[in-house]
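Asker: What shape does this take:
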Amino acid sequence: MESEQQPLTIWILDDGKPGHRNQSLGLAEAMGRIQDASIHLISLPHDAGFFSRMKKACEQAKQLPKPDLVIAAGHKTHVALLYLAWKTGARSVVLMKPSLPCKWFDHCLIPEHDFAEGVKTPENVILTKGALNRIAYDQEAKDGSGLFLVGGSSSEFGFDGEALHKAIGEIVGYVDLPEDVQWTLTDSRRTPEDFIESLKEAPISTYPNQTTDSDWLPEQLRRASVVWVTEDSVSMIYEALSCGAQVGLLPMPRIKKAGRVARGVENLLEEQRIIAYSSWQASHQLPVNQDVLAEADRCATLILSALR
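Answerer: A predicted model of the protein is given here:
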């Protein structure tokens, strides 16, 4: 008879950036779905100096139970991650390509677009499709709703509100869609303020990002069967694929040659996991999301296997 697994204690080093926290929590929560776990956040003030961050981390760590794993994302967390893992005997898990040598960490979870094709990766590196997230697929929650996620200008993309408005109108008005599809749209901090106002006559429920809390979008994704994302919003593309929805890319004018992150999106297009708006116009078919992305769960399983 196998002995009962002991609950895990997981520390997360939080540098204050929501995207980094989201990745770390995604992995920790996935571990908690496999094995009982308590999750503790240690806040590292991102605007403080190195020694101040280390002091704050150590002060908070003294109040916590001894960890089995210490997880962190963001280069300002790396030294504290290594020190606390060494001090406590825990395994260190770094998310995204670290600024320090990979061999210094027990596990490195790195998006595959950060490595050139054909390059051999170290044994402690787990390649992922995009950044991890907190979205867990729930088929029973699907209600046939549709969701638009609109970003804005970035280093690689401009913003063409008129073209985007036209694309959204065509998608919502497509006659072969079920008549009872309920469409919801939200924007981001990078979206021009007047864009949502331009949609007031459209049959869409709009929610400016500043009116929603951190739980709102995960709940919308959990329910949505169809998600359209502007192509600048790379993390949202992977979240949409993780929720089990069919995913399309809304057009954005490119102002710079595609970088390494965009290559990951190009791979998704080639694998037919997602479809560009121009291709959808020709076929009016979205790819069926048969192989739902569950990178956090996959990585959690691999790391927990190494712990046993």
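
Asker: List the residues that contact the most centrally placed residue in the chain.
Answerer: Centroid check for the chain by C-alpha atoms, centre = their mean gives residue 133 as the closest residue, at 3.7 Å. By C-beta atoms under 8 Å, 6 or more residues apart in numbering, the contact list for residue 133 reads 22, 23, 26, 235, 238, 239, 242, 295, 296. Backbone N, C-alpha and C define where each C-beta goes, glycine included.

Asker: which ones are touching the first one?
Answerer: Going by C-beta under 8 Å, 6+ apart, residue 22 touches 133, 134.

Asker: Relative to the whole chain's centre, how far out is the helix-or-strand element of the chain with minimal mean pLDDT?
Answerer: Using mean pLDDT, DSSP states H and E, the weakest-scoring helix or strand in the chain turns out to be helix 260-270, at a mean of 81. For helix 260-270, the separation from the chain centroid amounts to 15 Å (computed by C-alpha atoms, centre = their mean, to the nearest Å).

Asker: cool, and stretch 206-214?
Answerer: 18 Å.

Asker: Let's see it as PDB, backbone CA atoms only.
Answerer: What follows is stretch 206-214, C-alpha atoms only, in PDB (Å, rounded to 0.1, in the frame of the first residue of the first chain):
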ATOM      1  CA  THR A 206     -18.400  46.000 -23.300                       C
ATOM      2  CA  TYR A 207     -16.300  46.100 -20.100                       C
ATOM      3  CA  PRO A 208     -13.400  48.600 -20.000                       C
ATOM      4  CA  ASN A 209     -10.400  47.000 -18.300                       C
ATOM      5  CA  GLN A 210     -10.500  49.500 -15.400                       C
ATOM      6  CA  THR A 211     -14.000  48.400 -14.400                       C
ATOM      7  CA  THR A 212     -13.000  44.700 -14.000                       C
ATOM      8  CA  ASP A 213     -11.200  42.900 -11.200                       C
ATOM      9  CA  SER A 214      -8.600  40.100 -11.400                       C
END
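
Asker: which residue ranges form the helices in this protein?
Answerer: 18-34, 50-61, 78-88, 161-173, 216-223, 234-242, 260-270, 277-283, 295-307 (DSSP state H).

Asker: The last one - contacts with which helices or strands?
Answerer: Identification of packing neighbours for helix 295-307 by 3 or more C-beta pairs under 8 Å, 6 or more residues apart in numbering; DSSP states H and E yields helix 18-34, strand 91-95, strand 107-111, strand 125-128, helix 234-242.

Asker: returning to what we had before: mind listing what's buried along the least confident helix or strand of the chain?
Answerer: By 16 or more other C-beta atoms under 10 Å, the buried positions in helix 260-270 come out as 262, 264, 265, 268.

Asker: Quick check: the second one vs residue 53, distance?
Answerer: So that's residue 264. 30 Å (C-beta to C-beta, to the nearest Å).

Asker: List the beta-bridge partners for residue 125.
Answerer: residue 108 (DSSP bridges).

Asker: Count the neighbours of it for me.
Answerer: Residues lying near residue 125 (other C-beta atoms under 10 Å) number 19.

Asker: Now for residue 182: which residues touch it?
Answerer: 143, 144, 145, 146, 205.

Asker: need the contact list for residue 291.
Answerer: Residue 291 sits next to residue 273 when contact means C-beta under 8 Å, 6+ apart.

Asker: Do you know the pLDDT at it?
Answerer: At residue 291, the predicted lDDT confidence score is 90.

Asker: and it, backbone torsions?
Answerer: Residue 291 adopts backbone torsions of phi -110, psi 80, taken as degrees, to the nearest 10.

Asker: how close does it sit to residue 139?
Answerer: Taken as C-beta to C-beta, the span from residue 291 to residue 139 is 14 Å.

Asker: Out of the buried residues of helix 260-270, the closest to residue 12 would be?
Answerer: Within the buried residues of helix 260-270, proximity to residue 12 (C-beta to C-beta) peaks at residue 264, which comes in at 24.4 Å.

Asker: pLDDT weak spots in this structure?
Answerer: Counting by pLDDT under 70, the chain has low-confidence residues at 1-4, 116-117, 175-179, 258, 260-261.
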